[in-house]
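>>> A predicted structure for the sequence below; I have some questions about it.
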Amino acid sequence: MSLAIESVLISESVDPCCESILSQIGFSTSTKFGLTAEHLISEIQNYHVLIVRSATKVSSDIIAAG
């Protein structure tokens, strides 16, 4: 089974080279900072990958929505 990863949501500030590297290898990236849990649940449905740091708490509800 292979996964087709195309779109990445970055929900916190990361080093700019992170987004650059992902774009260079063909991923579509979006940055949306400061999302509430409710907004993150709504947004994550449009992405294959979520990149967070320690400020974003990824609950089981968020995982289930993605």
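Right, received. Where do you want to start?

>>> I figured residue 48 hits residue 4, correct?
Yes. Residue 48 lies in contact with residue 4 (C-beta atoms under 8 Å); the separation is 7.5 Å. The way it works is simple: take the backbone N, C-alpha and C, and place the C-beta from them, glycine included.

>>> give me the more crowded residue out of those two.
residue 48 (15 against 5; other C-beta atoms under 10 Å).

>>> so what secondary structure elements neighbour the lowest-mean-pLDDT helix or strand in the chain?
Least confident helix or strand, the chain: helix 60-65 with a mean of 90, by mean pLDDT, DSSP states H and E. When contacts are defined as 3 or more C-beta pairs under 8 Å, 6 or more residues apart in numbering; DSSP states H and E, helix 60-65 sits against helix 37-44.

>>> can you show me the CA trace of the helix it packs on as CSV?
What follows is helix 37-44, C-alpha atoms only, in CSV (Å, rounded to 0.1, in the frame of the first residue of the first chain):
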residue,chain,number,x,y,z
ALA,A,37,-8.8,23.3,17.5
GLU,A,38,-12.2,23.7,15.7
HIS,A,39,-10.6,25.5,12.8
LEU,A,40,-7.8,22.9,12.6
ILE,A,41,-10.4,20.1,12.5
SER,A,42,-12.1,21.9,9.6
GLU,A,43,-8.8,22.6,7.8
ILE,A,44,-7.0,19.3,8.2
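
>>> C-terminal to it, what's the next element?
Next in sequence after helix 37-44, counting helices and strands by DSSP states H and E, comes strand 49-51.

>>> same question for that following strand, mean pLDDT?
If you average the pLDDT over strand 49-51, you get 93.

>>> how about low-confidence regions in the protein?
For the chain, applying pLDDT under 70 flags the ranges 1-3.

>>> swap the cut-off to 80 and go again
By pLDDT under 80, the weakly predicted segments of the chain are 1-5, 66.

>>> tell me the contacts of the nearest residue to residue 42 once chain neighbours are set aside?
The shortest distance from residue 42 to any non-neighbouring residue, by C-beta to C-beta, 6 or more residues apart in numbering, is to residue 65 (7.8 Å). By C-beta atoms under 8 Å, 6 or more residues apart in numbering, residue 65 lies in contact with 41-42, 44-45.
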